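1. The sequence and its predicted three-dimensional model are supplied below.
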Amino acid sequence: MASGAHTSTDGAGGSAYPRAILLDPNDSGLVLARSLAARGVPVTHLAIPRYAWVTRSPGAEARMMPPPADEESWLAALEELAQRGPGVLVPLSDRAVELVTRRRERIPPVLRSFEGPANAHLELMDKASLYALARRVGIRAPWNERVATMGELEALAGRVDFPCLLKPVLSHEFRRLLGDRRVIVAPDAGALRDAARPALEAGLEMLVAEHVPGPETALLGAVTVRGADGAETLAYTRRKLRQYPPYGAGSILEAVPAPEVLAIARRLLDAAGFTGVSSLEAKRHAGTGEHVLMEINVRVPQNIGLGVACGVDAPWRIYATLAGVPLAEQAPQRNGAKTIVASLEARAVPAYVAQGDLTVRGVLRSWRGVRDVSGLSAREPAPLLAFASDQLASAMRTGRDGLTARASRPRPAAQARG
């Protein structure tokens with residue numbers, strides 16, 4: 001098992017709380033680690049190098065890992081951590097959720113998790129089965145068709161209303177093979193074929209789905225936690241203000257009332273018999289005003305900082321529910337509070353400005369009310385400096401790749417002069 005580049009005091013000595021093991025952390029990892037460590041919870045990150053910066057929080061230890069597809073390395077790390085005493089597993093990526101769900105029998109029982117073969121995580125992660133469940137319980141979901149081959153796509157193309165969306169059945173598998181831009185708007189049959197071909201030829205199943213009209217601010221969400229007894233221990237609602245990539249994850253979000261979306265989440269989770277953390281998203285249809293289910297993430301959302309910014313203490317309520325720690329009644333959410341997902345906003349803002357969709361003044365206006373930036377703070381310089389270094393290295397790699405691509409293009413023949 002690979003060990004991390006740094007290890008700080010884990011607080012395990014004398015702690016009354018089981019260790020929180022954060023699996024495959026992204027921006028949410030720093031928020032969770034800081035919040036839990038402040039309450040005396042020992043925290044361990046099992047992280048991949050891409051998000052090493054989130055592990056720099058004081059009071060947490062970190063181990064650098066290969067991608068979760070290397071299951072044996074992760075299972076060995078969990079076996080070693082189990083020998084140190086009780087713990088709770090908090091997956092922060094779809095890959096980590098799938099690992100714990102499918103391999104729960106290999107993980108020592110002293111490490112508790114919401115995920116397991118008897119729960120509905122995999123059913124809800126799969127958009128085809130998610131939409132089928134939604135229709136069975138009367139929740140409006142986009143029309144969609146599942147395709148696995150170009151032949152199936154050709155047979156479908158004549159029956160599709162354009163524009164339509166093309167999205168992967170399992171987003172994390174698509175991201176692993178083909179990159180971040182997972183949802184594509186296809187204006188016609190030719191564009192649909194061109195967009196689908198790389199994924200289908202890579203063996204990925206795709207959904208051809210309805211394009212629900214409306215701006216990105218019409219994307220509303222509900223984050224909930226349900227305990228083993230079915231009790232709801234966390235609930236707050238939000239909207240997207242910006243996202244990256246297009247039709248991707250929110251890079252800046254705001255706490256707003258969305259009772260209709262919370263009601264959809266509760267009905268869907270009841271029908272699935274779901275236990276654990278979820279973040280459901282629905283879109284208000286620009287034409288009809290109805291709320292249409294988009295997706296549900298069955299893990300801690302990358303934007304969990306909003307659950308701190310809006311005053312509901314989301315990290316603690318997630319941990320306490322899983323660890324069996326009694327909870328007081330949740331405080332009401334503070335609407336208007338905003339969070340920035342630093343790793344996404346750093347890419348979203350330049351893209352929006354370059355496309356003419358946003359001005360610098362508009363960026364600054366959108367940042368008013370921000371109370372959290374992925375847990376980064378000048379009072380804790382180590383994560384902030386590590387994040388800045390990571391972004392600089394990424395920009396330099398992008399620049400080098402662009403120069404290489406331009407240099408490799410054939411030059412047009414010189415025009416004859418008259």
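-> Structure's in. What do you need?

2. so who does Leu358 touch?
-> Shown in contact with Leu358 (C-beta atoms under 8 Å, 6 or more residues apart in numbering): Arg242, Val349, Tyr352, Ser366. Every C-beta, even on glycine, is put in place using the N, C-alpha and C of the backbone.

3. Name the SS class of the first one, please.
-> Three-state assignment for Arg242 (DSSP: H, G, I helix; E, B strand; the rest coil): strand.

4. OK, contacts around it?
-> By C-beta under 8 Å, 6+ apart, the residues touching Arg242 are Glu216, Gly250, Ser251, Ile252, Glu345, Ala348, Val349, Tyr352, Leu358, Ser366.

5. What is the neighbour count of Pro231?
-> That one is not Pro; residue 231 is Ala. 10 (other C-beta atoms under 10 Å).

6. Next one: it from Pro332, what distance?
-> Going from Ala231 to Pro332 by C-beta to C-beta, to the nearest Å gives 18 Å.

7. Which residue, other than its chain neighbours, is closest to Ala148?
-> Spatial nearest neighbour of Ala148, chain neighbours left out: Glu205 (4.9 Å); criterion: C-beta to C-beta, 6 or more residues apart in numbering.

8. That neighbour and Thr149 touch, don't they?
-> No: here Glu205 does not reach Thr149: they are 9.5 Å apart, not a contact under C-beta atoms under 8 Å.

9. who's more crowded, the two?
-> Shown here are Glu205 and Thr149; by other C-beta under 10 Å, Glu205 has more neighbours (19 against 13).

10. if I look at that one, how far off is Phe162?
-> Counting by C-beta to C-beta, the separation of Glu205 from Phe162 is 21 Å.

11. what does Glu72 give?
-> Going from Glu72 to Phe162 by C-beta to C-beta gives 45 Å.

12. which residues touch stretch 70-84?
-> Identification of contacts with stretch 70-84 by C-beta under 8 Å, 6+ apart yields 1-2, 12, 19, 21, 23, 44, 46, 63, 65-66, 68, 87, 89, 99, 103, 106-108, 110-111.

13. Which of the residues you listed fall in helices?
-> Mapping those onto helices (DSSP state H) picks out Leu99.

14. For PyMOL, write the select line for the buried members of the contacts of stretch 70-84.
-> Selection of buried members from the contacts of stretch 70-84 for PyMOL, criterion 16 or more other C-beta atoms under 10 Å:
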select buried, resi 1+12+19+21+23+44+46+63+65+68+87+89+99+103+107+111
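
15. if you average pLDDT over stretch 349-363, what comes out?
-> On average, the pLDDT along stretch 349-363 is 94.

16. need the helix or strand of this structure with the lowest average pLDDT.
-> Within the chain, no helix or strand scores below helix 171-178, which has a mean of 58 by mean pLDDT, DSSP states H and E.

17. Do a quick rundown of the helices in the protein.
-> 27-37, 71-82, 94-102, 121-125, 127-136, 150-157, 171-178, 189-201, 259-272, 306-309, 314-323, 342-354, 360-366, 381-408.

18. show me the contacts for Lys127.
-> Residues near Lys127 by C-beta under 8 Å, 6+ apart: Asn144, Lys167, Pro168, Val169, Leu207, Glu295.

19. do you know how far it is from Arg146?
-> Plainly put, Lys127 is 9 Å away from Arg146 if you go by C-beta to C-beta.

20. any common contacting residues for these two?
-> Taking C-beta under 8 Å, 6+ apart as the criterion, Lys127 and Arg146 both touch Val169, Leu207.

21. Determine which two of the contacts of Arg242 are furthest apart.
-> Across these, the longest distance by C-beta to C-beta is 15.0 Å; it joins Gly250 and Leu358.

22. Among the helices of the chain, which comes closest to Asp372?
-> Taking C-beta to C-beta, helix 306-309 is the member of those nearest to Asp372, at 4.3 Å.

23. May I have that closest one as CSV, with CA atoms only?
-> Taking C-alpha atoms only, helix 306-309 is exported to CSV below (Å, rounded to 0.1, in the frame of the first residue of the first chain):
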residue,chain,number,x,y,z
LEU,A,306,-22.9,24.8,1.1
GLY,A,307,-24.1,22.6,3.9
VAL,A,308,-21.7,24.5,6.2
ALA,A,309,-22.3,28.0,4.6
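
24. Centre of the chain to that helix, how far?
-> Distance, stretch centre to chain centre, for helix 306-309: 15 Å (C-alpha atoms, centre = their mean, to the nearest Å).

25. That concludes my questions; thank you for your assistance.
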